[in-house]
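Engineer: Model the following, please.
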Amino acid sequence: MLKNVNKKMIIAIAAALVVIGAATAIFVMKNKNKITATTMRLMEMQGTVTLESGGKIKEIIDNLKLNSGDVLSTAVDSFVSISLDDYKMVKIHEKSRAEFIQSGKELALNLVEGSLFFDVSKKLEADETFQISTSTMVVGIRGTSGYVFVEQGGADGILITDGTVEITGINPSTGEEIKTTAHAGQIVHVYILDDDEKSVTFSLENAMEKDLPPEVVDFLVEHPVLMDRVCQATGWDKDKIKEIYENLHTPKEEEEVKEEEKEEVKETEEEDNKEEKKEDEKDTPKQQDPPKQQDPPTVIPDEQADVIPVIPPAEPPLENTDDQTNDDDDDDDDDDDDSTVLISQLEMVMEASVDVGDTITLSCGVFPSNATNKALSWSTSAPGVATVNSSGVVTGVSAGSATITATARDGSGKSASCDVSVSEVVVNQITAESQVNVSVGGTVQVYYALSPDNAANKSMIWEIYDSSVDPTDVATVDNNGRVTGLRAGHTRIHGYSVASPSVGALVHVYVNSFGISVSPSPLTLEDDGYAEMTITASGMTAEQLGQYQWYASCSGELELDQTVGTFSNSSGNGVGVFNVRKKSTAQSEDILNVNVIVKKISDSSVVAEKDITVYIE
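Structural biologist: Numbering: from 1, shown residues only. Next comes the predicted model:
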């Protein structure tokens, strides 16, 4: 067959293979993260770590891929970190044993003994599952971090460092199960009891900084972005955790210093002993050796008698070059600690949120910690939605989303981004007086307040609460909260936020059997600038008249001779009289206002209100 293939065809096939190979390489490079996104790999280890795969001990190498069913065990002073995908990682601590089980996007980890720390930095997709289990507990994880532990002779448990998890307690003997939900900052223990009716139970308690296991303290300090996330979720103090970290490691450092001092003392003593031994040997007389037979004197020929032997000069010392030594000068031509260390990675939370007008500060972890230049530049993809300053402080401008990016300024080209969601500030509470009183034909204003003060939309809707229960013909209310009495009786009104309809307030309305009128209405002030106004409260008994007071107020260009008064009897009605006068500054054609309110003396509740228009001629 090959003999029948001509040269041009061979060249064409070879070219096609080259193109296919290049395309494949490009695809792999572009989708490198996607290809490995669901692959479990060993990231880091220390000490003695054993991998059991298929019932056999397997050699551990860098970036080792783990398979479903693999079991990892750690010895004393050992640990191993595993990347489960781009957003999930687990660190298994010393004297621990854990089994990994994976089926597609379903991932499970069974902790047989010891402890581990897990971090899921992004909420799982709807079709993903991740569970960590012990012999008595199953923890369902969607997007959180925490510390799971197995206690010998005690209770299995979990410390949740951020987010919320669902925990199932299981009695392995009876199969009985109970469930609970715990949130950031709580420690949960699962206890197996001998009680026939209730064989498994939980204990939940809030953890403080001092309650954190050393493994958790170490992990948080070593991962500053996670530290910020955890402290925000739990309310823990970052400085306290760092202080605990220093106290944990200071004694070890002191022991190392002491050991070094002991070694130095030991070496000094050995040197002294050697010197003393040399001195002793020098002072001890030696046994005389028999005299040696001397060689005959050398006869120097006459022609050489005056010749003085010449000793060649010593060679000059070699110059100190990079190949001979590693100096610690500030020169840039050596390979020592003075060389520039570029940033290899930046780490930042994937998502954050802020309200319009509010600010949040984004933290960005820089790796390695000894990078020469840790300066960052910050940018936003949508300045109309969110802005960011040089310190990573993000300000919400308008509702929407923006990507905030931190970029290394050392020329390494490294960057990290966070998707920030900006929301409008909406009303979350309405506070209103519980009841109002109004007379038939009168009006009263319901006083209410909306929170927070910086809510974007403070529009309200007021209406009769429920027409099937509350009569609609007792009173009416407008969207400003002004109530008008129609007939004697009781009803309720409901006010709610236009932007947040679920946020509202309920007010009882009591309409009295009497009403008030003010005359003349409207009022026109002539040139003399003086007029009398009469308040008439109809339908009140003599006893009722003594229970109420009237109050009058006016616009700035008017003045009243009386602003508070009681009613007097007049033909079966309560009457109150006051005078209205215009000020000298009042201008013709001004339209002003007089307001009259009737209140119950016992509780100052408003029972009627009237506005009177005043014209200036």
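
Engineer: okay, and the helix or strand of the protein with the least pLDDT?
Structural biologist: helix 32-36 (a mean of 34; mean pLDDT, DSSP states H and E).

Engineer: isn't Gly185 right next to Gly235, touching?
Structural biologist: Yes: shown here, Gly185 and Gly235 form a contact pair, counting by CB atoms under 8 Å, at 6.8 Å. (Glycine included, C-beta is placed from N, CA and C.)

Engineer: Quick check: bridge partners of the nearest residue to Ser353 once chain neighbours are set aside?
Structural biologist: Using CB to CB, 6 or more residues apart in numbering and skipping the chain neighbours, the partner closest in space to Ser353 is Ser421 (4.5 Å). On the basis of DSSP bridges, Ser421 is bridged to Ser353, Ser401.

Engineer: Neighbours of Ser421, how many?
Structural biologist: Ser421 has 15 neighbours, counted by other CB atoms under 10 Å.

Engineer: just checking, it touches Met350?
Structural biologist: No: taking contacts as CB under 8 Å, Ser421 lies outside contact range of Met350: 11.7 Å.

Engineer: The stretch 101-250 of the chain: strands as residue ranges?
Structural biologist: For the stretch 101-250 of the chain, applying DSSP state E, counting those that start in this stretch gives strands covering 106-120, 129-133, 137-140, 145-150, 156-162, 164-170, 177-183, 186-192, 200-206.

Engineer: Relative to Thr491, which of those is closest?
Structural biologist: strand 177-183 (41.9 Å; CB to CB).

Engineer: got the buried residues for that closest one?
Structural biologist: Ala182 (16 or more other CB atoms under 10 Å).

Engineer: what angle sits between it and strand 164-170?
Structural biologist: Using axes from the mean of the first three to the mean of the last three CA atoms, to 10 degrees, the direction of strand 177-183 lies 160 degrees away from that of strand 164-170.

Engineer: could you give the angle of strand 177-183 to strand 186-192?
Structural biologist: 170 degrees.

Engineer: packing partners for strand 177-183?
Structural biologist: Contact here means 3 or more CB pairs under 8 Å, 6 or more residues apart in numbering; DSSP states H and E; on that basis strand 177-183 packs against strand 156-162, strand 164-170, strand 200-206.

Engineer: re earlier: and the next helix or strand past the least confident helix or strand of the chain?
Structural biologist: strand 41-46 (DSSP states H and E).

Engineer: buried residues in the helix or strand just after that next one?
Structural biologist: Next helix or strand after strand 41-46 toward the C-terminus (DSSP H and E): strand 49-53. For strand 49-53, a neighbour-count test (16+ other CB under 10 Å) marks 49, 51 as buried.

Engineer: And strand 49-53, how far out from the chain middle?
Structural biologist: Chain-centre distance of strand 49-53: 36 Å, with CA atoms, centre = their mean, to the nearest Å.

Engineer: ok, now stretch 99-111?
Structural biologist: 28 Å.

Engineer: could I get it in CSV with only the CA atoms?
Structural biologist: This file holds the C-alpha atoms of stretch 99-111, laid out as CSV (Å, rounded to 0.1, in the frame of the first residue of the first chain):
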residue,chain,number,x,y,z
GLU,A,99,-10.5,7.9,52.1
PHE,A,100,-11.5,9.8,48.9
ILE,A,101,-14.5,8.7,46.8
GLN,A,102,-15.5,10.4,43.6
SER,A,103,-18.2,9.6,41.0
GLY,A,104,-18.6,12.4,38.4
LYS,A,105,-19.5,15.6,40.2
GLU,A,106,-20.3,13.7,43.4
LEU,A,107,-17.4,13.8,45.9
ALA,A,108,-17.1,12.3,49.3
LEU,A,109,-14.4,12.1,51.9
ASN,A,110,-14.5,9.6,54.8
LEU,A,111,-12.3,10.7,57.8
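
Engineer: Give the rounded mean pLDDT of that stretch.
Structural biologist: Across stretch 99-111, the average pLDDT comes to 87.

Engineer: Name the residues of stretch 232-243 that are buried.
Structural biologist: Within stretch 232-243, judged by 16+ other CB under 10 Å, the buried ones are 233-234, 236, 238, 241.

Engineer: TSV please, covering those residues and showing pLDDT and distance to Val436.
Structural biologist: TSV is the format used below for those (pLDDT from 0 to 100; distance: CB to CB, whole Å):
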residue	pLDDT	distance to Val436
Ala233	84	44
Thr234	87	45
Trp236	92	47
Lys238	90	50
Ile241	93	53
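
Engineer: now, which of those sits nearest Asn573?
Structural biologist: Among the buried residues of stretch 232-243, Ala233 lies closest to Asn573 (CB to CB), at 66.9 Å.

Engineer: From Asp162, how far out is the closest one?
Structural biologist: 4 Å (CB to CB, to the nearest Å).

Engineer: anything in contact with each of the two?
Structural biologist: Jointly contacting Ala233 and Asp162 under the rule CB atoms under 8 Å, 6 or more residues apart in numbering are Ala184.

Engineer: residues contacting the nearest residue in space to Val80 that is not next to it in sequence?
Structural biologist: In space, Val80 comes closest to Met45 once its chain neighbours are excluded; the distance is 4.3 Å by CB to CB, 6+ apart. Residues in contact with Met45 (CB under 8 Å, 6+ apart) are 60, 78-81.

Engineer: Please check those residues and keep the buried ones.
Structural biologist: 78-81.

Engineer: would a markdown table of those residues with distance to Met227, secondary structure and pLDDT be doable?
Structural biologist: As requested, the buried ones among the contacts of Met45 are arranged in a markdown table below (distance: CB to CB, whole Å; DSSP: H, G, I helix; E, B strand; the rest coil; pLDDT from 0 to 100):
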| residue | distance to Met227 | secondary structure | pLDDT |
| --- | --- | --- | --- |
| Ser78 | 24 | coil | 92 |
| Phe79 | 19 | strand | 93 |
| Val80 | 22 | strand | 92 |
| Ser81 | 17 | strand | 91 |
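
Engineer: measure the residue lying closest to Val436 once chain neighbours are set aside to Ile60 for me?
Structural biologist: Sequence neighbours aside, Val444 is the residue nearest to Val436 in space, at 5.1 Å (criterion: CB to CB, 6+ apart). Counting by CB to CB, the separation of Val444 from Ile60 is 80 Å.

Engineer: Equivalent analysis for Thr250, please.
Structural biologist: 32 Å.

Engineer: so where's the stretch 51-200 of the chain uncertain?
Structural biologist: Residues of the stretch 51-200 of the chain meeting the criterion pLDDT under 70: 152-154, 195-198.

Engineer: please redo it, this time with the cut-off set to 50
Structural biologist: Of all residues in the stretch 51-200 of the chain, none has pLDDT under 50.

Engineer: what's the answer for the stretch 201-350 of the chain, then?
Structural biologist: Scanning the stretch 201-350 of the chain for pLDDT under 50 picks out the ranges 296, 298-337.

Engineer: Would you state the helices of it in chain order?
Structural biologist: 214-222, 224-234, 238-283 (DSSP state H, counting those that start in this stretch).

Engineer: surely Met43 meets Asp85?
Structural biologist: No: counting by CB under 8 Å, Met43 sits too far from Asp85 to count as a contact (11.9 Å).

Engineer: all strands of the stretch 401-550 of the chain, in order?
Structural biologist: Counting by DSSP E, counting those that start in this stretch, the strands of the stretch 401-550 of the chain are 415-423, 429-432, 435-439, 443-445, 448-451, 460-464, 475-477, 482-485, 489-497, 504-512, 515-519, 523-525, 530-538, 548-554.

Engineer: remind me which residues of the stretch 501-617 of the chain are low pLDDT?
Structural biologist: If you take pLDDT under 50 as the line, the stretch 501-617 of the chain has no such spans.
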